[in-house]
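A.B. asks: Fold the following for me, if possible:
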Amino acid sequence: MSDLSVLRRLLRDEPVARVATVAGDGGPHVAPLWFVWMEDAIYVSTRIGGGTWANVVRDARIAVAIDRGRDWTELVGAVAEGKAATLSPQDPLMRAPMSAWHEKYRGFLGGGGFEKFAERVPDLGFLRIEPESVRFWDHGA
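C.D. replies: So this is what the prediction gives:
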């Protein structure tokens with residue numbers, strides 16, 4: 001399973017990625033965040049000015065872990081490492097990722113939909129990660 005397109009397809013429907021950044025004191029900061037893994041990069045949604053965002057502004061190094069499965073032989077996952085760039089939803093680079101993000105999370109938002117979500121998270125931003133390395137595992141292989 002060395003082809004990234006196969007890996008992206010296996011993990012695309014997972015709702016949460018665990019995102020690790022470098023905290024201000026140099027320690028790890030890990031947060032579960034929504035994501036879409038496009039051909040060009042992984043896009044992770046987070047609050048502008050929140051801890052993950054602030055960490056990336058200070059130190060762009062990042063790791064993203066995505067996995068699925070429950071039983072040992074079902075476990076499949078990947079850890080992508082690289083540097084993150086911060087983007088607003090209005091950035092022209094975000095057109096396709098925002099469309100994919102909306103499609104993926106539409107069913108997670110309940111009755112209020114994206115309007116209610118935008119009220120609760122008015123400062124939504126995105127991290128764009130072009131993986132420099134990707135490690136994966138597939139216990140069923």
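A.B. asks: in the protein, what secondary structure element scores lowest on mean pLDDT?
C.D. replies: helix 113-120 (a mean of 71; mean pLDDT, DSSP states H and E).
A.B. asks: Now the helix or strand following that helix: buried residues?
C.D. replies: For helix 113-120, the following helix or strand on the C-terminal side (DSSP states H and E) is strand 124-138. Within strand 124-138, the residues that count as buried by 16 or more other Cβ atoms under 10 Å are 124-129, 131, 134, 136, 138. Any C-beta I mention is one placed from the backbone N, CA and C, and that applies to glycine too.
A.B. asks: Any stretches of the protein with poor pLDDT?
C.D. replies: Along the chain, segments meeting pLDDT under 70 span 1-2, 112-113.
A.B. asks: The helix or strand hosting Ala65 vs strand 124-138, what angle?
C.D. replies: For Ala65, the host element (DSSP H and E) is strand 61-68. With axes from the mean of the first three to the mean of the last three Cα atoms, to 10 degrees defining the directions, strand 61-68 sits at 60 degrees from strand 124-138.
A.B. asks: Not counting sequence-adjacent ones, nearest residue to Val36?
C.D. replies: Spatial nearest neighbour of Val36, chain neighbours left out: Ala100 (4.4 Å); criterion: Cβ to Cβ, 6 or more residues apart in numbering.
A.B. asks: Confirm that the one you found lies within a helix, as I assumed.
C.D. replies: Yes - counting by DSSP: H, G, I helix; E, B strand; the rest coil, Ala100 is part of a helix.
A.B. asks: Surely it is in contact with Trp37?
C.D. replies: No - contact criterion Cβ atoms under 8 Å: Ala100 and Trp37 do not qualify, at 9.1 Å.
A.B. asks: Mind listing the shared neighbours of these two?
C.D. replies: Common contacts of Ala100 and Trp37 (Cβ atoms under 8 Å, 6 or more residues apart in numbering): Tyr43.
A.B. asks: Look at these two and report which has more neighbours.
C.D. replies: Between Ala100 and Trp37, counted using other Cβ atoms under 10 Å, Trp37 has the larger neighbour count: 25 against 16.
A.B. asks: Beta-bridge partners for the more buried one, please?
C.D. replies: Ile42 (DSSP bridges).
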